[in-house]
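Participant: Would you be able to build a 3D model of this:
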Amino acid sequence: MDKNYIHIYNNLINFTRNKELYKNLNRADNFADRLTFFLLHFSFFLKNFKNEENRQILQEIYDFNFRQLELSIREIGYGDQSINKKMKEYINLFHSMVSEIHFWDDLSKSDKLKKISTFLSDFQNNEELLEYFDLFNSNLSKKTLNSYLKSVSNP
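Facilitator: Numbering: from 1, shown residues only. Next up is the predicted model:
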């Protein structure tokens, strides 16, 4: 099970490492910024592949990704109590992202920009980020879930 999902996790991490995403940040990027981008990518991923046929697989991917995030937080050095608090915050953030982008394809550019700006308030030019996530969303829609289970994509 987990062996298949590591490809998806690694894809999302690779997308998150794209230095172009951080060029309009008002400060040096940090773990929270990278996590926000990871969660945004993951939100778009789930939005694109959510259907009854993929339900069980997507739940397993969700569980796997959040286990990986918890391990990353532990590696940073947070204690057990802090980890539980942080994970709750990150899961709540993620669910708000999923909710906000659920109807992404039907939104106007200005509405999309508002939604992106909600999560990326420390960035100067969110229009570039909007273009990036529109393209990312479009590219996801052209692929199958199976293609992500079996390969690593380039950001």
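Participant: Is L39 in contact with S96, as I believe?
Facilitator: No: between L39 and S96 there is no contact under CB atoms under 8 Å: 9.5 Å. Glycine gets a C-beta too; all of them are placed from N, C-alpha and C.
Participant: So between the two, which is more surrounded?
Facilitator: Using other CB atoms under 10 Å, the more surrounded residue of L39 and S96 is L39, with 23 against 14.
Participant: Which helix or strand contains that one?
Facilitator: Per DSSP states H and E, L39 falls inside helix 31-49.
Participant: What is the helix or strand following that helix packed up against?
Facilitator: Where DSSP H and E defines the elements, the next helix or strand beyond helix 31-49 is helix 55-76. Under the contact criterion of 3 or more CB pairs under 8 Å, 6 or more residues apart in numbering; DSSP states H and E, helix 55-76 touches helix 2-16, helix 31-49, helix 80-101, helix 145-150.
Participant: Can you give the contact residues for helix 55-76?
Facilitator: Applying CB atoms under 8 Å, 6 or more residues apart in numbering, the external contacts of helix 55-76 come out as 1-2, 5-6, 8-9, 12, 31, 35, 38, 42, 46, 49-50, 83, 86-87, 90-91, 145, 149.
Participant: first to last residue in stretch 12-23, what's the distance?
Facilitator: From its first residue to its last, stretch 12-23 covers 19 Å (CA to CA, to the nearest Å).
Participant: buried sites along it?
Facilitator: Using 16 or more other CB atoms under 10 Å as the test for burial, stretch 12-23 gives L12, I13, F15, T16, L21, Y22.
Participant: same deal with stretch 62-73?
Facilitator: So for stretch 62-73, counting by 16+ other CB under 10 Å, buried means Y62, F64, N65, Q68, L69, E70, I73.
Participant: That one: how far from the chain's middle?
Facilitator: The chain centroid and the centroid of stretch 62-73 are separated by 12 Å under CA atoms, centre = their mean, to the nearest Å.
Participant: for stretch 57-72, same thing?
Facilitator: Per CA atoms, centre = their mean, the centroid offset for stretch 57-72 relative to its chain is 12 Å.
Participant: what do you get for stretch 101-113?
Facilitator: 16 Å.
Participant: Give me the contact list for it.
Facilitator: Outside stretch 101-113, the residues within contact range by CB under 8 Å, 6+ apart are L40, S43, F44, K47, K115, N126, E127, L130, F133, D134, N137.
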